[in-house]
Each structure stands twice: as structure tokens, then as C-alpha cells.
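Chemist: Okay, here's the prediction I keep looking at, along with the sequence it came from:
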Amino acid sequence: MSKYLKKLYISQKNTNPKVLILVGRYSNSFNTKQSHHLKITTFVTMNKPLLFALTLCLCLASCNSAKKAAADTQPKYEIKDQELYNQIVAMDKTFFDAYNTCDLDKQATIYADDIEFYHDLGGLSTSKQDILEGTKNNICGKVTRELVAGTIEVYPIKNYGAVEIGYHKFHNKQEPNAVSHPSKFIIMWHYTNNQWKINKVVSLH
């Protein structure tokens, strides 16, 4: 036994078209020789604007319920190692302060010699010198990086270091009115010889 709604549009003279909603129950007869039949149980009439508003409200309610369900199932990040977290956040600031002020020497000391830089638009770069040259020619005095506050997540990597995940925005001084949208980044930090080094970067836009 199932239920359904059937819409019937009725035009009337000198009035706005209205919608007649028939709420009924469709079932099989106990007598197999008889045909299927529909019993109308409710009549509801409304004009088109009202029907549109009702439909919109139902759609919004459904979307909000879906978003709430997704938010409830997505785990919230929790800092597991506060000291490690503080160290990586500090290194992020140190590196990108050098990035924003075009301190190439400082950037060179933080990049590992075997750096791997993955850029979703530019591809893979494995030359430390090429990365620094690209920064000098395309970034210095032109682009600055802004960390989106509260987005950094840090996870320890045993016997290696840590991975940093977050969101940041880039501002082009040559396009001051351009809207900057947050983009995701991932940095693999290698702790070696009592120093933190950027070993791998994934930049997504």
C-alpha cells in the first residue's frame, strides 16, 4: 500500500490559476478480479505563488537538515600534542614572514635540499633553486600570504616530524580589488639535526 500526491491545475475565468492537490490512497483490491482503485481522502487548493513558497520552504528545510547531519558526522580537530602544535605554528609564521618580506635566504634555510613542491596548477617542482627563483621573480613585492586564522591542524609523524594542514589566502598587490579565496595547503615538516625543514608542500587552489 502506498501514498502519492497528484497535482491538477485548474484555470478559472478572471482569477489566478490555482492548484488542486489530491491526497489519496492507492491500493489493490482483495478481490483479484477487480481493478486497482484510488480513494481520494483530502482536497487542498492553493494559488501558484503560495505553492511555490511552500515548495521553497520544504527544500530549504531539507537542505538545512542535510547540512546539520554532515556537520554532526564530521569530526572536529583536536590538538593532541600542544608543544608540537605550537612549534609548527611558529615555523609557519617564520617561513611566511620571510615569504612576505622577500627574505630568500631565510626561506632557503627552511626548505630542505630535497624539497618536493606539488602545485595543482603548476605541477611538481623538485629544484630548491628553481622554487626560490620563482619566488623572487613572481612573488617578491607582488604577492603576500595571509593565514586563515584557526585553520591550522598539526599531526605528528613518528620518527619523521609532522604534517601541517590549513587554509590561507594570497593577495596580489597588482590587483588590490581582487577577491582572495581561501585555498588549502599541506606541508610536511621534517625534524632533523634539531631543525625543522619543509620537505614537501602541496598547494591547492
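Modeler: Cool, the structure landed.

Chemist: can you list contacts of the helix or strand that contains residue 184?
Modeler: Taking DSSP states H and E as the definition, residue 184 sits inside strand 183-192. With CB atoms under 8 Å, 6 or more residues apart in numbering as the test, strand 183-192 has contacts from 88, 91-92, 112, 157, 160-170, 196-205. C-beta: built from backbone N, CA, C; applies to glycine.

Chemist: buried sites along it?
Modeler: For strand 183-192, the neighbour count (16 or more other CB atoms under 10 Å) marks 185, 187, 188, 189, 190, 191 as buried.

Chemist: can you check stretch 134-145 too?
Modeler: Within stretch 134-145, the residues that qualify as buried are 135, 139, 143, 144, 145, counting by 16+ other CB under 10 Å.

Chemist: can you list the residues that contact that stretch?
Modeler: Residues lying outside stretch 134-145 but in contact with it, judged by CB under 8 Å, 6+ apart, are 96, 99-100, 102, 104, 107, 125, 168-174.

Chemist: measure that stretch end to end?
Modeler: End-to-end distance for stretch 134-145, by CA to CA, to the nearest Å: 15 Å.

Chemist: circling back to that earlier point, report all helices and strands that the helix or strand following the strand holding residue 184 contacts.
Modeler: Tracing the chain C-terminally past strand 183-192 and defining elements by DSSP H and E, one meets strand 195-203 next. If you count contacts as 3 or more CB pairs under 8 Å, 6 or more residues apart in numbering; DSSP states H and E, strand 195-203 packs onto helix 82-100, helix 104-110, strand 111-119, strand 183-192.

Chemist: Tell me which of those sits most buried.
Modeler: Counting by mean count of other CB atoms under 10 Å, strand 183-192 has the highest mean neighbour count of the helices and strands packed on strand 195-203, with a mean of 17.

Chemist: Run me through the strand neighbours of that one, direction for each.
Modeler: Under the criterion DSSP bridges, strand 183-192 sits next to strand 161-172 (antiparallel), strand 195-203 (antiparallel) in its sheet.

Chemist: Quick one: the ones you listed as JSON lines, columns for distance to residue 81 too.
Modeler: As requested, the strands paired with strand 183-192 are arranged in JSON lines below (distance: least, CB to CB, whole Å):
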{"stretch": "strand 161-172", "distance to residue 81": "9"}
{"stretch": "strand 195-203", "distance to residue 81": "14"}
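
Chemist: which one of these lies closest to residue 120?
Modeler: strand 195-203 (6.8 Å; CB to CB).

Chemist: tell me the average confidence for that closest one?
Modeler: Model confidence over strand 195-203, given as mean pLDDT, is 98.

Chemist: And the contacts of it?
Modeler: Counting by CB under 8 Å, 6+ apart, the neighbours of strand 195-203 from elsewhere in the structure are 87-88, 91, 95, 110-112, 114-120, 161, 183, 185-191.
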